[in-house]
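Engineer: okay, sequence plus prediction incoming.
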Amino acid sequence: MKKRESRKMVLLVIVGVVMLYLVHALLNPEKY
């Protein structure tokens, strides 16, 4: 893969993790 493509994959993974964290925080507001 090209460096640009791998960088895009890393960004997608980071965005996915952040979205999951935000959804988890919204579902469990008492923990935060």
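Structural biologist: Yep, it's here.

Engineer: flag the shaky bits of the chain, pLDDT-wise.
Structural biologist: The chain contains residues with pLDDT under 70 at 1, 31-32.

Engineer: tell me which stretches of it form helices.
Structural biologist: All helices of the chain, identified by DSSP state H, fall at 3-27.

Engineer: can you give me the neighbour number for E5?
Structural biologist: 9 (other Cβ atoms under 10 Å). All C-beta spots, glycine's among them, are computed from the backbone N, C-alpha and C.

Engineer: ditto for Y21
Structural biologist: A count of neighbours around Y21, defined by other Cβ under 10 Å, yields 10.

Engineer: for it, give its distance to R4.
Structural biologist: As for Y21, its distance to R4 is 26 Å (criterion: Cβ to Cβ, to the nearest Å).

Engineer: repeat for V18
Structural biologist: As judged by Cβ to Cβ, V18 and R4 stand 21 Å apart.

Engineer: comparing the two, which residue is more hemmed in?
Structural biologist: V18 (10 against 7).

Engineer: list the contacts for that one?
Structural biologist: By Cβ atoms under 8 Å, 6 or more residues apart in numbering, V18 lies in contact with nothing.

Engineer: gap between it and E30?
Structural biologist: Using Cβ to Cβ, one gets 21 Å for the distance from V18 to E30.
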